[in-house]
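> Fold the following and give me the result.
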Amino acid sequence: MTHFDLVIVGTGSGNSILDSRFAGWRVAIVERGTFGGTCLNVGCIPTKMFVHTADLAATPAASAKLGVEAELRGVRWTDVRDRIFGRIDPIASGGRAYRTSHADNENVTVYDGTARFTGPRRLAISGYEEELTADRIVLANGSRPIVPPGLEGIEYHTSDTVMRVDELPRRMVIVGTGFVASEFAHVFAAFGVDVTIVGRSGRMLRHEDEDISARFTELAAQRWDLRMNRTLRGASRVDGGIRVDLSSVDGPESIETDLVLVAIGRKANSDTLDASNAGIELTENGRVRVDATQRTTAEGVWALGDVSSPWELKHVANHEARVVQHNLLNPSAPIASDHRFVPHAVFSSPQVASVGVTEQQARERGTRYVKSTQDYADIAYGWAMEDTTGFAKLLADPATGQLLGAHIIGPQASTVIQPLIQAMSFGLDARSMAKGQYWIHPAMPELVENALLNLPLD
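This is a model prediction of the structure:
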């Protein structure tokens, strides 16, 4: 049995905890997969590199209305794929090499395997005979895609694998209607794949504000074959491809395709930990339960990122890692994570970005609010783009002008929303924000300025 001052399970945001202040600590890092975690290897970074390329591929089709005759001559899929992972794979391998061989990490031991608790602050690692004990343990072992039953008879893909396929399929069925499904639908459709989306609900991005979800669903139906309100019954190999069987209120139906992508969500890797052996409680959703300081219910054990966080966002995991880092180094003066205004974005076409409450949440909570919308079509840069579908929607407290929620669908929504996140985080009211600064004309942030001015405050 080997004892450490600190054991970190997972090398996504957990790997960022260690810096020179831990040089005097004896540390173990446990990683069962590829160094760098979900975001670097199979998540936000490679997907956005594909999305940017897809945006370029989709440009010719959208340019005719502006008087530009352009043509997409083809997409060199393997060149796209290899360029992206030619950047990413060396970073992952370099991260491992740094932790295992660099002089700055002489105090760090890396274990390749899956960690599970055998007692309080005691871990067994698959592939190793010895067990580890530690004064402190950080759980940052992430999540994995959920796969529904019924796909046992075929080779299917998830977000972990679909970006590395050897060739573009002619047809693709995507099971799911959330942000992963929406982003990959955009990527593969822009590359010339016939995309069908299968969803249990009646709309895309159903967790977004209802007006945003409705508009996105309307636009998605113009690009992709949407099969909403369907249930997956199963799938099987047939001559020339895969048959996907569905159920709906109108009866059974089938779709033939070449590739099936499952994108119905992710599951915390808490079930691999045998957490109960260490007195660590899980939530009803199967995540590791933590308090505001990221402490679990077991003494000396913290958790961060997807294994404990309902947001499943890299920027949240990074924030929580900084909180855990501080609390490890300053146990007598712990700090809490700030989850008040967690933003997110969907990098599809169009983009969607959101922070704060949706209108349906405000109604359900009985919160007093006013709202405003501003179309891209009514700002000067919107005229330049000839955008007729995008808009910003704001919710605010009518008495104080404090923003309660902001939701944008349209070009560069993920960037345009940032000043609203800043205003909410620092308590800047809508009137002060709109009138207390210059807004560059005619730039896209005028969307935000006008939406603020349109709020019917008391």
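> Only C-alpha atoms from now on, for both contacts and neighbour counts.
Will do.
> Check the gap between the residue nearest to Gly279 when sequence neighbours are not counted and Phe117 for me.
Leaving aside its sequence neighbours, Gly279 sits nearest to Ala298 (Cα to Cα, 6 or more residues apart in numbering; 5.5 Å). Relative to Phe117, Ala298 is positioned 12 Å away (Cα to Cα, to the nearest Å).
> intersection of neighbour lists for those two?
The overlap between the contact sets of Ala298 and Phe117 (Cα atoms under 8 Å, 6 or more residues apart in numbering) consists of Ala278.
> ok, back up a step: does the residue nearest to Gly279 count as helix, strand or coil?
Under DSSP: H, G, I helix; E, B strand; the rest coil, the three-state class of Ala298 is coil.
> tell me the contacts of it?
Counting by Cα under 8 Å, 6+ apart, Ala298 makes contact with Pro120, Ala278, Gly279, Ile280.
> One more: Pro419?
Contacts of Pro419 by Cα under 8 Å, 6+ apart: none found.
> so how far is the helix or strand harbouring it from its chain's centroid?
Assigned by DSSP states H and E, Pro419 belongs to helix 418-426. Distance of helix 418-426 from the chain centroid (Cα atoms, centre = their mean, to the nearest Å) equals 20 Å.
> Just give me the residue closest to the centre of this protein.
Leu313 (4.7 Å; Cα atoms, centre = their mean).
> In contact with that one, which residues are there?
By Cα under 8 Å, 6+ apart, the contact set of Leu313 is Gly305, Asp306, His344.
> Can you say which of the residues you listed are buried?
Gly305, Asp306, His344 (16 or more other Cα atoms under 10 Å).
> so which of those residues comes closest to Gln351?
Gln351 has its nearest neighbour among the buried ones among the contacts of Leu313 in His344, at 10.9 Å by Cα to Cα.
> Is it correct that the closest one is in contact with Gln351?
No: if you go by Cα atoms under 8 Å, His344 and Gln351 don't touch, sitting 10.9 Å apart.
> Who is Ala392 paired with across the strands?
With DSSP bridges as the criterion, Ala392 is bridged to Gln374, Ile408.
> separation between Ala298 and Ala268?
Using Cα to Cα, we find Ala298 at a distance of 18 Å from Ala268.
> swap that for Gln361, please
Taking Cα to Cα, one finds Gln361 at 25 Å from Ala268.
> Those two: which is more packed in?
Neighbours per residue (other Cα atoms under 10 Å) separate Gln361 from Ala268, with Ala268 holding more: 23 against 14.
> show me where the stretch 201-350 of the chain has helices.
Using DSSP state H, counting those that start in this stretch, the helices found in the stretch 201-350 of the chain span residues 210-223, 314-329.
> can you list contacts of stretch 363-375?
Residues outside stretch 363-375 that contact it (Cα under 8 Å, 6+ apart): 362, 388-398, 404, 447-448, 450-452, 454-457.
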